[in-house]
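Participant: Return atomic coordinates for the entry below.
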Amino acid sequence: MDVVVDDHVLLNVLAGIASPALREELGDGVVFTTGCWYYRLSRAVNAGSGTGSLSGQLAELEPSRRDRPLAVALVIDGAIRVRVSSALLGDGARDLEVDYRVLA
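Facilitator: Sure thing, here's the model as predicted:
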C-alpha cells in the first residue's frame, strides 16, 4: 500500500530500520512524505545537535545506517525540483551528482 509518513517514520524507512509491521504494511507500495517532514529530517541529519528528537535517533544509529537518509534522490534514481533555491541543497545535489533544478 502507498503510505504518507512523518519525519520520524521516514527516518526509520530510509535508515532501513522500519518495524516488521510497517514493512509488511508497505509491501510493494510507495512511501511519501511532505516537504515539511522531509525538511525536518534533513535539518536533523545535517545540522542536528544530537540531543533533539530526530537528531538523537540519528546519533544512536550505527554509521552505515546513519548515512542512508542522506541519499534519498540517489536511492530512487530521481531528481530534485524546488521553487526556492537552497544553497545547502543545491551544493549537496551537485556533490552527489543529483539533478537539481529551481522551477520558475
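
Participant: Just name the shakiest helix or strand of the protein by mean pLDDT.
Facilitator: Scoring the helices and strands of the chain by mean pLDDT, DSSP states H and E places helix 72-75 at the bottom, with a mean of 62.

Participant: What is the very next helix or strand once past that helix packed up against?
Facilitator: The element immediately downstream of helix 72-75 (helix or strand, assigned by DSSP states H and E) is strand 80-82. Packing partners of strand 80-82 (3 or more C-beta pairs under 8 Å, 6 or more residues apart in numbering; DSSP states H and E): helix 87-96, strand 100-102. (C-beta placed from N, C-alpha, C; glycine too.)

Participant: right, and Q57 touches H8 too?
Facilitator: Yes: between Q57 and H8 there is a contact under C-beta atoms under 8 Å: 7.3 Å.

Participant: the more surrounded of these two?
Facilitator: Q57 (19 against 15; other C-beta atoms under 10 Å).

Participant: pLDDT wise, what is the more buried one at?
Facilitator: On the pLDDT scale, Q57 is placed at 87.

Participant: The helices and strands packed on strand 80-82: lowest mean pLDDT?
Facilitator: Among these, helix 87-96 carries the lowest mean pLDDT (a mean of 80).

Participant: how far does that helix sit from the chain's center?
Facilitator: Centroid displacement of helix 87-96 relative to its chain, using C-alpha atoms, centre = their mean, to the nearest Å, is 14 Å.

Participant: Would you check that my belief about V102 contacting L89 is correct?
Facilitator: No: using C-beta under 8 Å, V102 makes no contact with L89, being 9.9 Å away.
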